[in-house]
Each structure stands twice: as structure tokens, then as C-alpha cells.
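Novice: no letters, just coordinates:
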């Protein structure tokens with residue numbers, strides 16, 4: 001079928017070349033459309049036909065984009081949960097409307113893209129990729145499949161190279177004719193056997209890329225070097241052996257990805273690009289991280305494409321935006337990138353931002369009775385603007401707070417400015433109520449943690465503003481910088497810095513001693529399975545109980561997690577890293593009320609899933625049977641004295657990968673702070689007597705063992721902490 005199509009297209013085109021010269025362009029356009037129609041039938045060969053047509057028509061003579069125009073699009077290349085199919089389909093539709101022409105598939109958390117790159121795709125996975133390719137082609141978007149083998153590839157291994165080729169052949173067979181091989185964010189050490197064959201890491205990387213170019217003969221092959229920005233060039237761009245080797249050894253048809261002077265550069269200039277282009281002997285393709293937020297889970301970037309002059313376009317072969325992990329936050333970043341190209345010298349970021357807001361407003365479909373206005377989404381974007389720049393509303397709010405703090409209440413302007421600032425703060429918290437019900441492409445769920453943080457911090461700051469209105473002394477503040485940066489953090493972090501002298505505590509994101517970033521946030525419904533998994537993986541006195549409860553994997557979560565996320569007067573917070581939920585802390589404010597609801601409202605809803613275990617002839621229940629028995633006859637201590645002194649109770653579990661980094665202390669401090677604000681006089685917890693590590697942790701946190709209290713389970717110990725004295 002493919003040869004027939006090619007022959008037909010070529011035969012009719014050659015015939016067309018014999019007609020009057022004035023008809024050539026018309027015939028070419030018609031035949032190009034014919035080729036595109038047949039592209040799903042012969043996806044790999046049709047590129048050959050199109051190249052031949054372009055050649056005969058005076059078009060490109062090689063596979064680089066320099067002769068085709070600017071490569072303009074999106075790279076899904078962040079660390080975090082990949083986008084859904086519906087989100088990608090919506091992205092392709094927008095890209096088609098905005099004349100963006102390329103999508104690079106490279107999500108770091110797709111295991112078969114990076115960690116398990118050798119593994120072939122299953123049929124259902126191939127079908128999913130086929131759907132993506134088709135959806136992209138339908139919107140005239142070039143689908144570029146990327147693979148990242150550098151974590152553990154043996155560069156000298158023929159077997160590894162064959163596996164890499166086979167993996168790309170799978171995708172090639174689906175109609176994907178453009179590829180990328182990425183060697184970013186890997187160690188530079190080489191295996192001894194690789195050192196015998198290659199004189200440098202760059203030599204190995206170029207050899208692999210060149211082999212793929214020969215094997216695939218793709219429409220396009222992109223290459224991401226290990227030194228992909230100026231700050232990672234060793235020792236600098238001009239003297240980098242790695243980059244010079246790329247310029248000398250890499251096939252001239254292969255395009256090189258580059259992020260700029262830094263991983264997230266504030267600006268990209270023609271002068272900085274000339275330096276790298278001269279060394280790699282080609283124009284680079286920019287992998288732009290100006291809107292990437294995977295390095296800081298407290299930041300979101302809704303602001304416009306900025307910091308890149310129009311003159312940059314003459315020094316690059318293309319630009320691909322690697323935007324927010326949260327797909328729904330990317331409308332303005334991507335729309336304004338497209339405007340940067342189409343408007344040319346007339347592009348102005350703030351004006352483009354305001355224009356793009358109109359289109360974004362149309363995408364909001366709220367299920368609540370509250371409707372969004374243009375002012376609402378302008379405010380949202382201003383609060384989560386750019387990595388090096390606040391939006392106007394955020395800047396004004398921070399400056400006004402500092403003015404109130406620095407001036408006495410007796411100042412004639414003080415009360416007026418205070419009232420205005422509190423109205424502004426109220427508008428911030430209103431965003432939470434307006435946006436979280438929105439279900440369009442998961443918008444409410446994706447923005448929830450950011451809006452929750454905003455609401456919590458602004459509520460605390462409003463209380464501080466009220467305190468400033470008193471005549472009492474104000475705490476002394478050291479120097480504070482309100483300008484955002486990669487290290488300083490964004491608007492939410494700066495709000496927390498403003499709160500610090502007043503003793504306000506808030507559980508959000510933080511860095512640990514191991515330089516990992518974790519987020520503590522409220523639990524929401526989509527965390528159910530992940531939280532139950534944490535419970536299971538810590539269910540054997542802190543050890544993984546998956547093998548024990550293989551036949552009943554949900555039973556522990558249904559007893560020890562889900563009641564606290566569904567019953568009233570409970571608190572639930574989760575700990576999250578870039579791999580997902582890795583811990584939680586749960587609590588009931590008033591234990592007697594909780595246990596009453598547990599037995600009468602919650603447990604009856606799950607008991608129907610299980611058969612009640614029966615003890616025969618005094619035999620002991622197995623662990624799974626004991627877990628099921630807890631759903632019918634829950635064990636707890638309802639001693640009246642315990643509930644008077646320590647009426648609240650809690651559960652905390654953290655996966656091993658997040659232990660020993662202070663996360664337990666952060667979770668505990670956050671929960672205790674909430675219980676104190678609810679005027680709880682004390683909190684207790686129970687722990688298995690063999691869980692020595694947990695017992696030691698509770699003692700370090702200030703809990704005391706309560707030997708006078710016990711439950712029907714003799715292996716359980718009780719610990720308590722007084723919070724508010726009567």
C-alpha cells in the first residue's frame with residue numbers, strides 16, 4: 001500500500017511538472033495535501049515523498065529545521081506526574097490554533113522513557129502513543145518521541161544499542177518520524193569498558209546519536225547534551241571538551257538542545273547563543289525552562305513568555321517551552337510564546353499577558369455558583385507570575401504590607417491603606433472558593449495545593465495586620481527581599497517570610513538536609529489510593545506489609561486512613577515528593593465523637609466487602625484476618641480519663657524514602673499547631689510495642705508513655721502529649 005501511494009503521489013507530481021509553469025504552485029499545494037491525507041497509512045515513507053516534493057519544488061535539501069522555519073512548540077519534559085491524554089489532546093488543539101508546530105514527548109516520570117528505557121512497550125501502551133501521534137498530526141503538530149538512556153546505558157554495549165534501536169523502532173512503526181535522545185541530568189562517570197572504546201563521554205554520546213540517525217533516517221533527531229547550559233559547561237562554553245566534541249563529532253543533521261546560561265535563565269540573548277552555536281557548529285534549539293516549576297513544588301508560573309528578545313529567533317533553530325507540571329496553568333505561558341513569534345518586534349510581555357487572559361477566561365467552566373471575572377484570573381496570574389518577577393497585584397500587596405509594618409498607626413494614611421490591604425487579602429482567599437470547584441481538565445485539583453497555601457498564609461497575614469493595628473510593640477524584622485528568584489522562592493515563600501517574626505507556623509514545602517524538596521499539604525480525594533498504599537507499606541510495625549496483605553491490600557487503609565478523610569472533625573495532611581504521596585498524618589479532634597461515627601456511620605459502609613473472621617477452638621487470627629476483624633470490632637481505648645486529658649488522637653506513617661529527613665517533625669508540628677488552635681487540651685496515639693523506632697520518635701517529640709491506659713489489644717502502647725492546660 002505504501003509503495004502504491006508513493007508511486008501515485010510521485011507520478012502525479014512529475015506529470016504536474018510538465019504542465020504550464022504557472023500551475024506548478026497550485027499542483028504542489030494539492031499534492032502536499034494529498035500526502036498529508038495518506039500520512040496515517042504510510043507515516044514513515046511519506047516523509048521521503050514530502051522531502052522529494054520539496055526538493056523538486058526548490059525546498060529543503062536536508063533534515064534540519066533551519067530551512068523550514070522556526071521549530072515552535074512544547075516539551076513535556078518535567079519531573080512529576082505526566083499529563084493525561086485529554087490534557088495532551090487539548091494541548092494539540094491549542095497548538096494548532098496558535099500555529100505551534102512541535103511537541104516533544106519526554107516526561108521524566110514515564111518509566112519507559114527514562115528509568116526503564118530498555119523495556120519494550122506493551123500493546124496497550126503502544127495504542128496510547130498511537131492515539132497521541134494521531135491527535136498531534138490532526139492538528140499539524142510534529143510529534144517528537146524522546147528517550148533518555150543515560151542513567152545506566154553501557155555505551156560500548158552492542159546489546160544496549162540494539163535495545164535502544166528496537167525501542168525507537170516500536171514508536172517509528174506507529175508513524176512517528178521525529179525523535180530525540182537525551183543525556184541530561186546524568187553522572188559523567190563512565191564504565192571501564194566504555195573508556196576502552198571511547199575517549200570521552202561526549203564521544204560516546206555522539207556515537208549513539210549518530211547510530212540512531214543512520215538507523216532511523218528520521219525527519220528530525222534532537223540531541224540533549226549532558227552539558228546543556230552555560231553553567232554546566234566544564235569549565236566554560238569556550239573551553240568545554242564535551243561541547244567541542246559535539247561540534248566535531250555529531251552528525252550535522254542532528255539538532256542540539258540548549259537551555260541558556262542556566263537551567264532556568266532569566267534572560268536569553270543573541271550574544272550568549274552565539275557562544276554555544278560557534279562551539280557546536282550549528283544553531284541550537286532552546287529547551288526553555290522559564291515556566292518550569294518541577295524544582296519547587298510551591299511555585300506556579302502563569303505569567304507571560306518573557307526575557308527573550310525577538311532578535312533571539314535569528315540565532316536558534318527552534319524553541320520548545322518546558323512549562324508547569326500542572327497542565328491547566330500553561331495556557332498563558334504557551335499562548336504568549338506563540339505571540340512572541342507572530343508579533344515580532346511589537347511583542348510586549350505584559351500586554352500579551354492581558355490579551356491571553358481573555359482566551360484563558362473562556363476555558364474556565366465552573367460547577368459552582370461563583371463565576372470568575374477577568375479581574376479574578378488577572379489576580380491569579382499576578383500571584384503566580386514568573387520565577388524572577390511578581391505580577392503587579394503581588395508586588396503591590398507585599399509593598400503595602402511592609403509600609404504598614406514600618407509606619408505607626410497614627411500616620412494619617414495608615415487606616416485607609418490597612419483597610420484596602422485587608423480587602424485585597426480577602427480577594428486572595430476568595431480565589432480558593434471560586435477556582436477549586438472547577439473541573440475543566442482537572443483545573444481545580446491541580447491548583448488546589450497552591451490556592452490552599454495562599455488562603456492559609458493570607459489568613460494568617462490578615463491576623464498579623466489586625467495585630468499591627470494595636471498600640472503594642474512590633475517585632476523587629478531583619479532585612480527582607482521581596483523580589484522572587486530561584487533560591488529565594490516565589491510569592492508564597494515570601495509571605496511565609498513576612499509571617500516569621502510573628503511566630504505563625506504553616507505546613508508547606510521545605511528543603512531537607514538531603515536537598516530534597518517535600519510538600520506538606522491537606523489531603524484531598526485524589527490521594528486516597530496513594531495514602532492507602534503508604535498505610536500498607538508501613539503496616540507491619542513500620543515495615544512493608546504488602547506481602548502479608550496480598551489478598552486484602554485495602555483493608556489497612558480502610559481502617560486506619562479512610563475514616564479520617566471522610567468523618568467530621570478530623571484533620572488529614574499528606575507528605576509529597578516528586579514521586580507522589582510518601583506519608584501522612586491523620587487526627588480526630590474529639591475521640592469519643594470519632595469512635596461513635598466510626599462504628600455507626602463509616603464501618604457499615606465497608607463491612608459488606610469482607611466476611612467477618614471467626615475464631616475456631618481458640619486459634620489465633622492471621623494478620624489479614626485481624627485486619628478484617630478491625631472493621632467489625634475496632635480496638636481503641638475509650639477510657640473517660642484518657643479522653644478528658646488527651647481527647648484528640650493521631651496516626652502518622654512515612655515511607656522509608658522520606659524518613660530520617662525531618663519530615664515526621666514537620667508533620668507533627670503542623671498537626672499539633674492545628675489542634676492547639678482548636679483548643680484541644682491533649683492528644684494521644686497508639687503504637688505497637690515492637691515498633692521501637694516509632695516509640696523513640698514519639699519520645700523525642702515530647703510524648704510520654706501512658707501505662708495506665710490500654711485497649712483490648714495488649715500489644716498496643718499508648719502515648720500522650722498535653723497541649724492546652726485546663
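Specialist: Alright, I've got the coordinates. What you see is a predicted model, and the numbers here were worked out from it, not measured in a lab.
Novice: give me the neighbour count for residue 616.
Specialist: Applying other CB atoms under 10 Å, we find 6 other residues in the vicinity of residue 616. Quick note: C-beta positions are derived from backbone N, CA and C, even for glycine.
Novice: from residue 631, how far off is it?
Specialist: Computed as CB to CB, to the nearest Å, the residue 616 to residue 631 distance reads 20 Å.
Novice: and if you look at residue 351?
Specialist: From residue 351 to residue 631 the distance is 60 Å (CB to CB).
Novice: report the mean per-residue pLDDT for the strand or helix carrying residue 103.
Specialist: Element membership of residue 103 [criterion: DSSP states H and E] is strand 102-105. Average pLDDT, strand 102-105: 97.
Novice: each with direction, which strands does that strand pair with?
Specialist: strand 71-76 (parallel), strand 142-147 (parallel) (DSSP bridges).
Novice: tell me the helix or strand right after it.
Specialist: helix 123-138.
Novice: which elements pack onto that following helix?
Specialist: helix 85-97, strand 142-147 (3 or more CB pairs under 8 Å, 6 or more residues apart in numbering; DSSP states H and E).
Novice: list the buried residues of stretch 694-711.
Specialist: Residues 694-695, 697-698, 703, 706, 709, 711 are the ones in stretch 694-711 that count as buried (16 or more other CB atoms under 10 Å).
Novice: can you give me the end-to-end span of that stretch?
Specialist: 19 Å (CA to CA, to the nearest Å).
Novice: now swap in stretch 262-274 and tell me
Specialist: For stretch 262-274, the end-to-end distance is 15 Å (CA to CA).
Novice: still on that earlier bit, adding secondary structure, distance to residue 295 and pLDDT, write the buried residues of stretch 694-711 out as CSV.
Specialist: Below are those laid out as CSV (DSSP: H, G, I helix; E, B strand; the rest coil; distance: CB to CB, whole Å; pLDDT from 0 to 100):
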residue, secondary structure, distance to residue 295, pLDDT
694, helix, 32, 90
695, helix, 36, 93
697, helix, 29, 91
698, helix, 34, 93
703, coil, 35, 95
706, coil, 44, 94
709, coil, 46, 88
711, coil, 45, 72
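Novice: mind putting those in JSON lines, distance to residue 489 included?
Specialist: Formatted as JSON lines, these follow (distance: CB to CB, whole Å):
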{"residue": "694", "distance to residue 489": "33"}
{"residue": "695", "distance to residue 489": "36"}
{"residue": "697", "distance to residue 489": "29"}
{"residue": "698", "distance to residue 489": "32"}
{"residue": "703", "distance to residue 489": "33"}
{"residue": "706", "distance to residue 489": "41"}
{"residue": "709", "distance to residue 489": "44"}
{"residue": "711", "distance to residue 489": "45"}
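Novice: got any ranges where the stretch 51-200 of the chain has weak pLDDT?
Specialist: By pLDDT under 70, the low-scoring segments of the stretch 51-200 of the chain are 51-68.
Novice: the same query, at a cut-off of 80, please.
Specialist: 51-69, 79-80, 108-110 (pLDDT under 80).
Novice: got it, and the stretch 551-700 of the chain?
Specialist: 577-578, 616-619, 677.
Novice: can you pull the contacts of the most centrally placed residue in the chain?
Specialist: By CA atoms, centre = their mean, the mean C-alpha position of the chain lies nearest to residue 325, the distance being 3.4 Å. If you count contacts by CB atoms under 8 Å, 6 or more residues apart in numbering, residue 325 has them with 78-81, 293-294.
Novice: rerun at 10 Å
Specialist: Counting by CB atoms under 10 Å, 6 or more residues apart in numbering, residue 325 makes contact with 76, 78-83, 107, 109, 292-294, 297, 300, 446, 578.
Novice: in ChimeraX, select just the buried ones from those.
Specialist: A single ChimeraX command selects the buried members of the contacts of residue 325 (16+ other CB under 10 Å):
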select :76,78,80,82,83,107,109,292,293,294,297,300,446,578
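Novice: restricted to strands, list the contacts of residue 325.
Specialist: residue 76 (DSSP state E).
Novice: which one's the longest helix in the chain?
Specialist: Secondary structure of the chain per DSSP state H: the longest helix is helix 443-468.
Novice: pLDDT averaged over whatever helix or strand comes next after that helix - what is it?
Specialist: Tracing the chain past helix 443-468, the next element assigned as helix or strand by DSSP H and E is helix 491-499. Averaged over helix 491-499, pLDDT sits at 86.
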